[in-house]
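J.: Need a 3D model of the sequence below.
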Amino acid sequence: MAEFSRLVVPKAPRTSTENVQKKESVYWKSFKSPLFIKSYAPISHVQFSPSSPHRYVVTSGTRLQIYSPKTNRVVKTISRFKDVATSGEIRTDGKLCIAGDEAGLVQVFDINSRAILRTIRAHKQAVHTTKFSPGPGTQILTTSSDTTVRLFDLSTSASLRTFSLHTDYVRTASFVPSAPSLIFSGGYDGTVRLWDARVPASEGGGQVWMGRHGKPVEDVIVGQSGTMAISAGGPIMRVWDLLGASTSRSGLGQEEMDEEVDTGSQYCLKALSNHQKTITSLCWAEAENGEARVLSGGLDGLVKVYDPQENWRVRHTMRYGGQVLSLAVSPNSSHLVAGLSDGSLSIRTRVAPKKAGILSEKVVPSYDALLAGAGSGGIVHQGKEAMEGMKAFEGEHKVGRERKKKLMEWDRLLKDFRYSDALDSVLRKDVTPATTFALLDELIHRDGLPIALANRHDLSLEPILRFLVKHITNPRYCVLAADVATVLIEIYTPTLGLSPLIDSLFTRLRRKVDEELAFQQELTAVRGALEMVFASSQQSLIKPAGVVV
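T.: Down below sits the predicted model:
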């Protein structure tokens, strides 16, 4: 007996934009196998080492934990802080680690020995940012609740510069990778500022530009080219043009700087508000095609992926079970790590694509090969071990009946030739229009549409008419909707005038069709006029024969 054919709902073709969005989502969904590690304190900061093997440091409570990306296990624990640690980061060469604490202390550690190499006590309040300068990392950048941004020399621990024009806590700062003398910072005064360590303190305190974010700034990142920076504060993310800002402000005196300061927002290229709560963390990442992406994590438990090349479109959204405080993606795009406020560390590992020439299907060894151990990587098993392997093989590949997929409600009704009930089952609000029209098309092929539409009273006829009124002008379904409307009119024309509800719905249906016909006539007239214009323009471009130019 042949198996019943289920209703096939055709899928609408995707646009090129939808195809790109789908491909991007598939890539970010390949970060699978989430591993959750619970800590006793919130995960305030996560950072990957730029050098291989890209170990990452996690800041939580009074300690720093360094993880191996291969095993996702702790390989080093640094617990030299008496107060809550902040902003643990690894230098480019992977040999040194730096962190601050809420007492204002900054310490530099040797990762292998965990020995304290430098101790800096210049800040009077909590330290929020500690970073090594790009390249050799001979300088240290710090920010603090004492409203200052400071530069230190690593070799001597001496203070090189102090930038102190922020008027509230300075929560974040970053070097400009292409020009390490430039520093981009953000604070709770709602401003972002660009500093130049080469500018004397007497000239505007070293500040070359200021922009107004509008909310307390939680995090900033700068692009590798150094021409663009991103700030996050509140539910808003802003993109800034650093190139235009720095070049337009060069050579300005302090008085001119004060006059121009309110126009800093003109260098805001884009303002985005895709989170419902405060954005706490930003990081750069690479997509599958190698293009740059920006990831943002917020207190709403969402991580969003932005495409800078496509007007900062959100390409993908990931949901976490708690408030996201920190976020990082490994330089080789193998790990995505997020730290949550409840102390959970979420580690997602990207599944590597299958190499060419390797079969994705599982290869089932033969009986003799299994006994010989060929199914176990070439190790030969004998006696008891071989029999255990056979039992496992038989259990895994036990022959049995395949479980049949459960039929949908309308499939069961179609199978029983209950056409009217099948139509009612797809007219509910939770059923897509594509499914409803697929069933109507199936009824037409079965010559069952008149049966499904006949013998209905006003209450059972109303959903069908409302559905047709809604979709009669949809280009994807208009032909099929018109065929169904024709059958309805033929059946229920003798009953018109008996129900005011049905009469009004038929009137609305006719009005919809008349409006669509009038609109199509206007489009035809416009098309004809455009064709005449194009034809005349083509004729004017053709050079007449015998005419010498």
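J.: tally of neighbours for the nearest residue to Pro235 once chain neighbours are set aside?
T.: Among residues not flanking Pro235 along the chain, His275 sits closest, at 4.6 Å (C-beta to C-beta, 6 or more residues apart in numbering). C-beta coordinates here come from the backbone N, C-alpha and C atoms, glycine included. By the criterion of other C-beta atoms under 10 Å, His275 has 23 neighbours.
J.: Distance of His275 relative to Asp424?
T.: From His275 across to Asp424, the span is 42 Å (C-beta to C-beta, to the nearest Å).
J.: Kindly report the same for Lys22.
T.: Relative to Asp424, Lys22 is positioned 34 Å away (C-beta to C-beta).
J.: what sits against the residue lying closest to Val74 once chain neighbours are set aside?
T.: Closest residue in space to Val74, ignoring its immediate chain neighbours: Gln65 at 4.9 Å, by C-beta to C-beta, 6+ apart. Gln65 makes contacts with 57-58, 74, 76-78, as judged by C-beta atoms under 8 Å, 6 or more residues apart in numbering.
J.: cool, and His128?
T.: Applying C-beta under 8 Å, 6+ apart, we find His128 in contact with 86-87, 100, 143-145, 169-172.
J.: export those to JSON lines and tack on pLDDT, neighbour count and secondary structure?
T.: Listed next are the contacts of His128 as JSON lines, based on pLDDT from 0 to 100; neighbours: other C-beta atoms under 10 Å; DSSP: H, G, I helix; E, B strand; the rest coil:
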{"residue": "Thr86", "pLDDT": "95", "neighbour count": "22", "secondary structure": "strand"}
{"residue": "Ser87", "pLDDT": "94", "neighbour count": "24", "secondary structure": "strand"}
{"residue": "Gly100", "pLDDT": "95", "neighbour count": "29", "secondary structure": "strand"}
{"residue": "Thr143", "pLDDT": "96", "neighbour count": "31", "secondary structure": "strand"}
{"residue": "Ser144", "pLDDT": "96", "neighbour count": "24", "secondary structure": "strand"}
{"residue": "Ser145", "pLDDT": "95", "neighbour count": "19", "secondary structure": "coil"}
{"residue": "Tyr169", "pLDDT": "96", "neighbour count": "19", "secondary structure": "coil"}
{"residue": "Val170", "pLDDT": "96", "neighbour count": "29", "secondary structure": "strand"}
{"residue": "Arg171", "pLDDT": "95", "neighbour count": "23", "secondary structure": "strand"}
{"residue": "Thr172", "pLDDT": "96", "neighbour count": "26", "secondary structure": "strand"}
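J.: re the thing from before, buried only: go through the contacts of Gln65 for me.
T.: For these, a burial check counting by 16 or more other C-beta atoms under 10 Å picks out 57-58, 76, 78.
J.: ok so, going back, among Lys22 and Asp424, which residue is more densely surrounded?
T.: For Lys22 versus Asp424, the count of surrounding residues by other C-beta under 10 Å is larger for Asp424: 18 against 11.
J.: Now the helix or strand harbouring that one: buried residues?
T.: Using DSSP states H and E, Asp424 falls within helix 419-425. Within helix 419-425, the residues that count as buried by 16+ other C-beta under 10 Å are 419-420, 422-425.
J.: between the residues you listed, which is nearest Leu488?
T.: Leu423 (11.8 Å; C-beta to C-beta).
J.: and the helix or strand harbouring Ser231, what other elements does it pack with?
T.: Using DSSP H and E, Ser231 maps to strand 228-233. Counting contacts by 3 or more C-beta pairs under 8 Å, 6 or more residues apart in numbering; DSSP states H and E, strand 228-233 packs against strand 179-187, strand 217-222, strand 236-241, helix 242-249, strand 279-286.
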